[in-house]
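A.B. asks: Okay, here's the prediction I keep looking at, along with the sequence it came from:
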Amino acid sequence: MLDDDTLALAAKVLQTLRTRGLRVVTAESCTGGLIAAALTHFPGSSDVVSGGLVTYSNAMKESVLSVTDRTLQSEGAVSQATAIEMSMGALSMAPDAKLAVAVTGIAGPDGGTVDKPVGTVCLARQLGDGAPYVETCHFPGDRAAIRTATVRRALELLLEA
């Protein structure tokens, strides 16, 4: 699942985090921990990776990341609001981290709707207590392709921080 291009991008993220003196935490739903896996693929990554939280169910998003029931009910699990709350919750769970990335989406093959088709992914990045960055992407392909594209975009967001 983690191809050479993705791992090369993860290595670049790690080097950038080291240079900037930042620690990162991930909050993942549709990727099931693949972002954290890419980052921790390399020996010594613990100097910049605090950890990763896989919160696949809404109940886990609420109890672990403090995503509000109100947000989940009004916006849905796959929404920019949920992604932002996930990133903020991840930072609160990792007091040594200053940077978080969160992803929530529909990797398929089922689960899509007219408004949120398969391939819809919301990503959020939180740096300290600054304003979060959030975006919605629509990735083509099968489940593996969507998850891989999500991991790559999340790594790019970390680089852009």
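C.D. replies: Looks like it arrived, so ask away. Numbers count the residues shown, from 1 in each chain.

A.B. asks: any idea whether residue 141 is helix, strand or coil?
C.D. replies: Of the three states, residue 141 takes coil under DSSP: H, G, I helix; E, B strand; the rest coil.

A.B. asks: now it: how far from residue 118?
C.D. replies: Applying CB to CB, to the nearest Å, the value for residue 141 to residue 118 is 9 Å. Bear in mind the C-beta positions are built from the backbone N, C-alpha and C, glycine included.

A.B. asks: Kindly report the same for residue 74.
C.D. replies: From residue 74 to residue 118 the distance is 22 Å (CB to CB).

A.B. asks: Please look at residue 137 and residue 123 and confirm they touch.
C.D. replies: Yes. Shown here, residue 137 and residue 123 form a contact pair, counting by CB atoms under 8 Å, at 6.7 Å.

A.B. asks: These two: who's more crowded?
C.D. replies: residue 123 (25 against 15; other CB atoms under 10 Å).

A.B. asks: ok, back up a step: for residue 74 and residue 118, indicate the residue with more neighbours.
C.D. replies: Just comparing residue 74 and residue 118: by other CB under 10 Å the higher neighbour count belongs to residue 118, 20 against 10.
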